[in-house]
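Student: here is a sequence with its predicted model. Questions after.
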Amino acid sequence: MVEGLDQASSERRSGRSGGGRSALITGATGGIGSAVARALALRGYRVGLLARREGPLRVLAEELGGFSLPCDVTDADAVVAAVARFEQETGGPLELVVSCAGAFSLQRVNELDPEELERQLSVNLLGSILLARAVLPGMRKAGRGILLQVGSVAGRKPLPGNAAYAASKYGLRGFHEVLRDELRGSGVRVTLLEPAATDTPLWDPLDPDADHALPNRSDMLRAEDVAEAVLFAAERPNGVQIPYLSIERVPGVAPSMRT
Ligand SMILES: NC(=O)c1ccc[n+]([C@@H]2O[C@H](COP(=O)([O-])OP(=O)(O)OC[C@H]3O[C@@H](n4cnc5c(N)ncnc54)[C@H](OP(=O)(O)O)[C@@H]3O)[C@@H](O)[C@H]2O)c1
């Protein structure tokens, strides 16, 4: 178990700290999703871990005392069923949902492989929308809850080779703006988190340190930096919403100097 989790688990059982709050994290086997899950578990949240790969999910669930939800976010019925399983497990509507499942690659428009285009649009955009559709009825009924979607700096800034990814993340920002409008007065809060490049397995197929056109891994954010921003947005007082939160690395600051 991660240091501090024993205490977090006992606090959760006794109702202190996290106060028995529940958080569902998609993309939980990934770099950002697993860092978010660890940070939330340490804060006493009961975490539901959603991704496709059952083995890594099981290992993380064991480590964090969480609940494993193997699921493909592009399958509408499977997402509804996974949310219902976790709501049943925690005995109520979800209080925090963090949508981290994502897919990324670089291809210029004239070279775009249709399957790759579909993968990025369906995981990043459709999957996030299907998740919102599945969790909102419970949150609306309860009159509370936070849905935090991980967008990207690429949802505002055009970069060469990024057409499919940008289309999905610009689209997610459009969806977020409609959602925010529709949820006004419901008590449910939404945040779009927009990180810059972050050192995670997402970059592995591109090997950024070997490509001068890409940022070096050492110049990227760490997944833990993003997880801290998630905690910030998730732990504002009731009635306070952080609609957008962008996060970037300050150039030229060595990791050892960061706090
Ligand atoms: N890394 C960056 O530079 C960066 C910057 C800005 C924003 N973001 C965004 O942050 C989020 C997390 O990225 P990351 O860097 O942590 O990526 P990552 O390490 O590659 O993790 C991606 C996660 O998404 C899950 N996933 C992929 N397809 C899925 C599907 N169809 N159904 C369910 N889960 C699926 C993967 O799990 P399985 O394979 O087990 O399904 C994995 O857990 C993404 O939305 C990404 O766009 C990343």
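Tutor: The structure has been received and is ready for your questions. The shown structure was predicted, so the numbers you read here are calculated from the model rather than taken from an experiment. Numbering: from 1, shown residues only.

Student: how about the strands in the stretch 101-250 of the chain?
Tutor: Applying DSSP state E, counting those that start in this stretch to the stretch 101-250 of the chain gives strands spanning 146-150, 189-195, 198-199, 221-222, 244-247.

Student: of all the ones you listed, which one is nearest Ala41?
Tutor: strand 146-150 (15.9 Å; C-beta to C-beta). For every residue, glycine as well, the C-beta is placed using N, CA and C.

Student: export the closest one as PDB, just CAs?
Tutor: C-alpha atoms of strand 146-150 as PDB (Å, rounded to 0.1, in the frame of the first residue of the first chain):
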ATOM      1  CA  ILE A 146     -18.200  17.600  -9.500                       C
ATOM      2  CA  LEU A 147     -17.400  16.400 -13.000                       C
ATOM      3  CA  LEU A 148     -13.800  17.200 -14.000                       C
ATOM      4  CA  GLN A 149     -12.800  16.500 -17.600                       C
ATOM      5  CA  VAL A 150      -9.200  16.500 -18.700                       C
END
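
Student: what's the distance between the residue of the chain positioned farthest from its centre and the ligand?
Tutor: Computed with C-alpha atoms, centre = their mean, the residue of the chain farthest from its C-alpha average is Asn110, at 30.4 Å. Going from Asn110 to the ligand by C-beta to the nearest ligand atom, to the nearest Å gives 23 Å.

Student: do me a favour and get the end-to-end distance for stretch 192-200?
Tutor: 19 Å (C-alpha to C-alpha, to the nearest Å).

Student: stretch 69-78 too?
Tutor: Termini of stretch 69-78 sit 10 Å apart (C-alpha to C-alpha).

Student: would CSV of the strands of the stretch 101-250 of the chain with mean pLDDT, mean neighbour count and distance to Ala28 be doable?
Tutor: Shown next, in CSV, are the strands of the stretch 101-250 of the chain (pLDDT from 0 to 100; neighbours: other C-beta atoms under 10 Å; distance: least, C-beta to C-beta, whole Å):
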stretch, mean pLDDT, mean neighbour count, distance to Ala28
strand 146-150, 98, 25, 12
strand 189-195, 98, 25, 16
strand 198-199, 98, 22, 16
strand 221-222, 97, 18, 17
strand 244-247, 98, 16, 20
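
Student: I'd like the ones you listed as TSV, with distance to the ligand appended.
Tutor: Shown next, in TSV, are those (distance: least, C-beta to the nearest ligand atom, whole Å):
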stretch	distance to the ligand
strand 146-150	4
strand 189-195	4
strand 198-199	4
strand 221-222	7
strand 244-247	9
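
Student: show me where the chain has its helices.
Tutor: With DSSP state H as the criterion, the chain has helices at 5-14, 31-42, 54-64, 76-90, 114-120, 127-142, 163-182, 223-234.

Student: how about the ones you listed, which one is nearest the ligand?
Tutor: The ligand lies closest to helix 31-42 among the helices of the chain, at 3.4 Å (C-beta to the nearest ligand atom).

Student: what does the stretch 151-259 of the chain put close to the ligand?
Tutor: 152, 195, 197-198, 200-202 (C-beta under 6 Å from any ligand atom).

Student: hmm, which of these are the buried ones?
Tutor: 152, 195, 197-198, 200, 202 (16 or more other C-beta atoms under 10 Å).

Student: can you list contacts of stretch 106-124?
Tutor: 73-74, 101-105, 160-165, 167-169, 171-172, 206 (C-beta atoms under 8 Å, 6 or more residues apart in numbering).

Student: quick one on the thing from earlier: out of the helices of the chain, which one sits most buried?
Tutor: helix 31-42 (a mean of 26; mean count of other C-beta atoms under 10 Å).

Student: what mean pLDDT does that one get?
Tutor: On average, the pLDDT along helix 31-42 is 98.
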